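Trainee: Provided below are the primary sequence and the corresponding predicted coordinates.
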Amino acid sequence: MTAGYLGLMPIAPGTFGTLAGVGIYLLVSPYPVIYWVITAFVIVSGIWGSGKAESNIFHSKDSPEIVIDEVAGFLVSMAFFQRSDGYIYVIVGFLFFRLFDIWKPWPIKKLQSLPGGWGIMLDDLLAGLYTNIVLLTLYYFISHYWQ
């Protein structure tokens, strides 16, 4: 749940967890079926495992050491994009995901109050969905009006 111990970084563990998501994205985005399987696995195992880690290992609500939610959220952010679309989308996706994850606009913050792994994961998955909507909108305008 610490994404290869990145969650144990003394500063900005969520940012480092998101970078783990970037790495996974860059490795598997050329293979859409593998991308979706890995994304689904990270989400399902994250809901189960982060709830267990919260109660049995870290003994605190949404412990900052748990960063599997950032990995999953970034993978959702980049759904429907491939490296061939350009690295600018990876950079903008990273920035917007971190913005939404930290800012927690409605109803993201409310989702954090859900119990266990659901509260840990769903807020980041919604932040990823918000980011994906921003990226798809940006892609639409660039592809239709910028050329």
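Mentor: Noted; the coordinates are in hand.

Trainee: Nearest residue to the middle of the chain?
Mentor: Against the mean C-alpha coordinate of the chain, by Cα atoms, centre = their mean, the closest residue is Gly73 at 1.8 Å.

Trainee: in the worst-scoring helix or strand of the chain on mean pLDDT, what's buried?
Mentor: Here the helix or strand of the chain ranked lowest by mean pLDDT, DSSP states H and E is helix 108-111, holding a mean of 92. Buried residues in helix 108-111, defined by neighbour count with 16 or more other Cβ atoms under 10 Å: 108, 111. Using the backbone N, CA and C atoms, a C-beta is placed for each residue, glycine as well.

Trainee: so what does that helix touch, helix or strand wise?
Mentor: Helix 108-111 sits against helix 116-145, with contacts defined as 3 or more Cβ pairs under 8 Å, 6 or more residues apart in numbering; DSSP states H and E.

Trainee: and the helix it packs on, how far out from the chain's middle?
Mentor: How far helix 116-145 lies from its chain's middle: 9 Å, per Cα atoms, centre = their mean, to the nearest Å.

Trainee: any weak-confidence spans in the chain?
Mentor: Along the chain, the model assigns pLDDT under 70 to residues 59, 147.
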